[in-house]
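**Student:** just the structure for this:
(2 chains)
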Amino acid sequence: MTVIFGLAALLAFLGGVGVVTSRRTLYAALSLVLNMVALAVLFLLLDAQFLAAVQIIVYAGAVMVLFVFIIALLAPGAEERVRPLELRVLLGGLAAVVFTVVVGRLTLNGITVGPNGQLHGGLGPFNPVTVNAHGQVQTLGEQLFTTFLLPFEVTSVLLLVAAVGAVYLSRRRRPGEEE
Amino acid sequence: MLDWTRMLFAYLPLLVFLAMVVAFGGAMTVVTTLLGPRRPTRAKGLPYECGIIPAETARRRFSVSFYLTAMLFIVFDVEAIFLYPWAVLVRHTLHIFGLVEMAIFIALLGVALLYVWRKGALEWN
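**Tutor:** You can find the predicted model right below:
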């Protein structure tokens, strides 16, 4: 278990480093795929099967296809090497630390880890202990399709708007406007 | 803890498959490099373009149609992802209620498909 976690975490890290250090945008996009697939493995390790599926099907699949097509549409050359801005690096590091602390604090809210790695306690109806006992896909599905029925149905309207927007954005120019 | 390990075990075939893909691809490359004769010529060094002499640079801009296709793919991909948790629950938890709500969800996206179709966005060119 620890070996798989270490391997996936390392690949995710390498993918992330590849995204920011690659000078060719396409290589950066491919590094992002590596990062996303490794994250999906980490989600599986956390028993979040639905998130893993979303990560692979939507992010590593559809979103990356869009990224690659946008790169092909813009056809950029290699990025020029610029000196990294110290302030940007500093702020990025600060954001990473704050994010990790906040998310970690929220996740571990009232939860203690037992000697064999099992979790105890936890506040609220939906904490890692109760959710994992019931199954993450089951918990998420039950909430989504009953309590959050309206937002779920509104999502389809949102997707409808997205489809209309996509058609509008890439509409054919009238003759004469052609490049 | 025990259950945890057993769940992950279900993904073992996937890992084996992945390992075989990497091993096969790697072995093909290594073996051809080791055993194959190497007589490079200028023609052999050209990028492979279906066997013809490369017509133009590959670094040109692609049609916006690819972009539209990818965006529409995301829309219907996100629709499909909702079917996964639904499929887990519909039979024993949601029953007819779940069937109806998913029918409404899909019907609304059917309107999207109809719109995209009628606008000719599914046609190439």
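
**Student:** what sits against residue A:56?
**Tutor:** Shown in contact with residue A:56 (Cβ atoms under 8 Å, 6 or more residues apart in numbering or on different chains): A:36, A:37, A:40. (Each C-beta comes from the backbone N, C-alpha and C, glycine too.)

**Student:** got the residues you listed as JSON lines, with distance to residue A:163 and neighbour count columns?
**Tutor:** Formatted as JSON lines, the contacts of residue A:56 follow (distance: Cβ to Cβ, whole Å; neighbours: other Cβ atoms under 10 Å in any protein chain shown):
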{"residue": "A:36", "distance to residue A:163": "24", "neighbour count": "19"}
{"residue": "A:37", "distance to residue A:163": "27", "neighbour count": "19"}
{"residue": "A:40", "distance to residue A:163": "26", "neighbour count": "23"}
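
**Student:** what's the helix or strand for the nearest residue to residue B:119 once chain neighbours are set aside?
**Tutor:** For residue B:119, ignoring the flanking residues on the chain, the nearest one in space by Cβ to Cβ, 6 or more residues apart in numbering or on different chains is residue A:167 at 5.1 Å. Element membership for residue A:167 (DSSP states H and E) is helix A:149-169.

**Student:** state the mean pLDDT of the longest helix belonging to chain B.
**Tutor:** Longest helix in chain B by number of residues, with DSSP state H as the criterion: helix B:64-89. Averaged over helix B:64-89, pLDDT sits at 90.

**Student:** mind giving me the packing neighbours of the following helix or strand past that helix?
**Tutor:** As assigned by DSSP H and E, the chain's next helix or strand after helix B:64-89 is helix B:95-118. Using 3 or more Cβ pairs under 8 Å, 6 or more residues apart in numbering or on different chains; DSSP states H and E, the elements in contact with helix B:95-118 are helix A:149-169, helix B:64-89.

**Student:** these: which one's closest to residue B:22?
**Tutor:** helix B:64-89 (26.5 Å; Cβ to Cβ).

**Student:** the inter-axis angle of that closest one versus helix A:149-169?
**Tutor:** 170 degrees (axes from the mean of the first three to the mean of the last three Cα atoms, to 10 degrees).

**Student:** the bottom helix or strand of chain B by mean pLDDT?
**Tutor:** Counting by mean pLDDT, DSSP states H and E, chain B has its least confident helix or strand at helix B:2-9, which shows a mean of 60.

**Student:** any bit of the least confident helix or strand in chain A by mean pLDDT sitting next to chain B?
**Tutor:** In chain A, no helix or strand scores lower on mean pLDDT, DSSP H and E than strand A:119-121, which sits at a mean of 71. No - using Cβ under 8 Å from any Cβ of the partner chain, strand A:119-121 never reaches chain B; the gap is at least 10.4 Å.

**Student:** following element in sequence after that strand, please.
**Tutor:** helix A:128-134.

**Student:** what's the spacing between that following helix and its chain's center?
**Tutor:** In terms of Cα atoms, centre = their mean, to the nearest Å, the centre of helix A:128-134 is found 22 Å from the chain centre.

**Student:** what about that helix, near chain B?
**Tutor:** No - Helix A:128-134 does not reach chain B (Cβ under 8 Å from any Cβ); its nearest approach is 8.8 Å.

**Student:** next, the buried residues of that helix.
**Tutor:** Within helix A:128-134, the residues that count as buried by 16 or more other Cβ atoms under 10 Å in any protein chain shown are A:128, A:129, A:131, A:132.

**Student:** can you list those in a markdown table and add pLDDT?
**Tutor:** Output for the buried residues of helix A:128-134, formatted as a markdown table (pLDDT from 0 to 100):
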| residue | pLDDT |
| --- | --- |
| A:128 | 72 |
| A:129 | 76 |
| A:131 | 81 |
| A:132 | 78 |
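
**Student:** and these as a markdown table, adding distance to residue B:42?
**Tutor:** Listed next are these as a markdown table, based on distance: Cβ to Cβ, whole Å:
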| residue | distance to residue B:42 |
| --- | --- |
| A:128 | 62 |
| A:129 | 67 |
| A:131 | 63 |
| A:132 | 62 |
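
**Student:** can you tell me the closest non-neighbouring residue to residue A:149?
**Tutor:** Computed as Cβ to Cβ, 6+ apart, the closest residue to residue A:149 that is not its neighbour in sequence is residue B:101, at 6.3 Å.

**Student:** for that neighbour, give me its contacts.
**Tutor:** Going by Cβ under 8 Å, 6+ apart, residue B:101 touches A:145, A:149, A:152, A:153, B:94.
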